[in-house]
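S.K.: Predicted structure and sequence below. I'll ask about it afterward.
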Amino acid sequence: MVDLHVHSTASDGTYTPSELVTYAVEKGLTAFALTDHDTISGLEEAIKAASVYDIEVIPGIEFSTEYNGKDIHIVGLNIDYKNPFFVAKLEQFINSRDMRNEKMCKLLTNMGMPITLTELSECFPDSVITRAHIARFLLEHNYISKLETAFDKYIGDNCPCYVPREKVNPVQAIKLIHEAKGIPVLAHPPLYKLSPKDLENLVAHLSSHGLLGIEAIYSTYNRADETQMRLLAKRYQLGISGGSDFHGKNKPYIDLGVGRGNLKIPDEVWENLKEKV
């Protein structure tokens with residue numbers, strides 16, 4: 001079994017890249033893709049840790065993009081993460097995150113919850129800071145009593161301390177993944193709450209610009225979701241991908257490789273997807 005959508009402490013997961021490798025071996029996986037948000041900083045550690053085991057770490061990334069006002073995620077699999085052009089573009093994305101985080105820190109401070117980007121970086125070293133890190137900081141400093149409060153009252157979409165981030169569009173992300181010789185995959189489409197027509201328009205649009213796969217197997221899908229994704233994949237000649245979207249304690253109901261307990265992603269899913277390149 002494989003898992004093609006996994007996060008580490010390099011973004012908003014709670015397992016280090018090395019810990020993920022050990023856990024994946026314990027779970028009996030033959031391969032997993034480390035797909036941290038807008039960063040590749042955990043890949044070297046994971047690949048090195050995997051060298052002593054019989055397991056493949058697939059170099060990946062998950063881009064947060066925007067399309068018609070919607071947050072759309074594009075996963076890149078099997079990327080050449082040392083490609084100079086690719087690396088330079090990633091630095092731009094990280095800088096835009098930092099500017100957004102600084103603004104949110106100032107808003108939270110003005111509401112009586114002092115927090116700085118420097119403190120966040122010290123608490124979560126070697127991580128690309130996301131809203132999940134801000135929420136955990138607020139919890140650990142007793143500004144809130146549970147993580148959900150941070151998103152419900154302060155930093156969730158349209159909340160008082162929320163600041164939108166300048167994002168690339170999904171076509172730009174797809175092109176960048178191709179630049180790194182990777183496989184661009186549309187992540188968890190049912191989560192975007194699009195109408196069937198709007199979702200099909202999105203898939204058609206992205207397919208015409210180089211999309212190669214769609215996440216048809218995912219932790220939270222029901223049978224109808226998976227059937228719909230498989231039909232879209234067939235209609236637009238896309239490969240099938242699948243992943244748990246494991247984040248460790250930040251998503252405690254999702255486990256590596258098995259999602260909510262019944263997720264199964266056979267090795268053939270990865271073998272077939274690789275043929276799309």
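M.R.: Yep, it's here. Numbering: from 1, shown residues only.

S.K.: CA atoms for contacts and neighbours, from now on please.
M.R.: OK.

S.K.: hmm, who's touching the host helix or strand of Pro184?
M.R.: Element membership for Pro184 (DSSP states H and E) is strand 183-186. Contact with strand 183-186 is made by 73-79, 174, 177-178, 210-215, 241, 274, 276-277, as judged by Cα atoms under 8 Å, 6 or more residues apart in numbering.

S.K.: Next: stretch 3-12.
M.R.: With Cα under 8 Å, 6+ apart, stretch 3-12 has contacts from 13-17, 20, 29, 31-37, 39-42, 58, 75, 77, 126-130, 132-133, 241-247, 250, 256-257, 265, 270.

S.K.: Next step: these restricted to strands.
M.R.: 31-34, 58, 75, 77, 241-243 (DSSP state E).

S.K.: now for those, which pair is the farthest apart?
M.R.: Ala31 and Val75 (16.1 Å; Cα to Cα).

S.K.: Between the two, tell me which one has more neighbours.
M.R.: Neighbours were counted for Ala31 and for Val75 using other Cα atoms under 10 Å; Val75 has more, 30 against 22.

S.K.: Please name the nearest non-neighbouring residue to that one.
M.R.: Using Cα to Cα, 6 or more residues apart in numbering and skipping the chain neighbours, the partner closest in space to Val75 is Glu62 (4.3 Å).

S.K.: Confirm that that neighbour sits in a strand.
M.R.: Yes. Judged by DSSP: H, G, I helix; E, B strand; the rest coil, Glu62 forms part of a strand.

S.K.: How about it: which residues does it bridge to?
M.R.: Assessed by DSSP bridges, Glu62 has beta-bridge partners His37, Val75.
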